[in-house]
Structures are given as structure tokens and as C-alpha cells.
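**Q** I would like the atomic coordinates for the input below:
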Amino acid sequence: MIITHHREKLINAITYFAKHTNHCGKTKLIKLLYLLDFCHFKTTGKSVTGLEYEAWEKGPVPRSLFEEFRNMKPDLKDAINIVQIGSFHKINPKKKFNDRYFTNREKMLLEGLSATFKDDKASQMVEVTHLRNRPWQKTLNEKGLFKKIDYLLAIDDESSSLPYAEAKYRMKEISEMHRIFGIA
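**A** Take a look at the predicted model:
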């Protein structure tokens, strides 16, 4: 049986960002997770957390996590707490970050994103997540609100990016493995 460890990675990425950045509320966290997943996909053809993002009016949102914030599963509830301060929902880690399931590349990306956006508020990150001709903006313009953002939109002409055909092949291969082994 293949185990992806996406859930463990998601929870630990959340605790990492909550501990290593200031002003880490729900919106900033969602933006950091989006950058983590799409930056990693761009170079490897795989997301880190396995989340699917949709193009919402104010940015990319993983609906499943957004909805879970209202009624957290026990593993997430054991890892974080959310404190409401006015309209701000501050995320505080309750558990220590566990890097057991992360690759070195994933850990470096967590560290880099945390350092880059350490003192930024979510409103300051809009510039990065809403760039022209990038995945969120393309999806919003071409498909509309609440449509799934295709990870392949992260592929571009930069030297660090996988070629489009290779990324598509890796996605197909992963999807086929999940189908064969019954991974949801």
C-alpha cells in the first residue's frame, strides 16, 4: 500500500509557518501553502500537501482546508489553535514541527518562504499570489470564480521550471498510481 503522507505534511507545514512567520492568520497561511505547493510543483511535478486550490475572488484557496478551519479534525486541532482577534484569525502552533516526511527540497522551500514573508501581512502577499499570467489570475480570467487551479499553470519558461510535457507526464503517472492503489 502506498502512503502519500500529504496530511502529515500539511499539518506540519501549517505548524512551521505559524511558528516561523509573524502575522500568521488564515489568509496568510493559505497564501504560504499555495506558494509552497505551486513552487514545488514547478520544479518537481508534485505538490507538497496534495491540496487542490480554487480561484476565489481574493486569491487561491484550498476549499477543503478553508472548510476544515470551521470544524477541525482531531489531528489539526491537536497541532494548532486559532485565536480570533477582531476580524483576524491568528494561528498558533501547539505541536513542534516534525520534518520526518519532508524532502530536503521541501524543507528548503518551507524555510525560504518563511524567511521571505516572515514579517509580511496577508495583504502584502497579494502582489505575489495575484501576479498577471500566473495560475490564480489565469484561472479566474479563463474559467471564472471557484474553479480549480491547474497545477500545470505553474510551469513556465524559467530554467528552474520542469518542461511542460515532463510535468504533465509526472502528474499522469502519480494519478495512475493513486488509481491503481486506491489512494484518494
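**Q** look up how far residue 147 lies from the most centrally placed residue in the chain.
**A** The structure's the chain has its C-alpha centroid closest to residue 33; by Cα atoms, centre = their mean the separation is 2.7 Å. When Cβ to Cβ, to the nearest Å is the yardstick, residue 33 and residue 147 sit 19 Å from each other. Placement of C-beta: from N, CA and C, glycine included.
**Q** sorry, back to before: secondary structure element for the residue nearest to the centre of the chain, which one?
**A** According to DSSP states H and E, residue 33 maps onto helix 26-44.
**Q** correct me, but the residue nearest to the centre of the chain touches residue 61?
**A** No: using Cβ atoms under 8 Å, residue 33 is not in contact with residue 61, being 9.8 Å away.
**Q** how big is the angle separating the worst-scoring helix or strand of the chain on mean pLDDT from helix 26-44?
**A** The least trusted helix or strand in the chain, going by mean pLDDT, DSSP states H and E, turns out to be helix 164-181, with a mean of 88. Helix 164-181 and helix 26-44 are oriented at 110 degrees to each other (axes from the mean of the first three to the mean of the last three Cα atoms, to 10 degrees).
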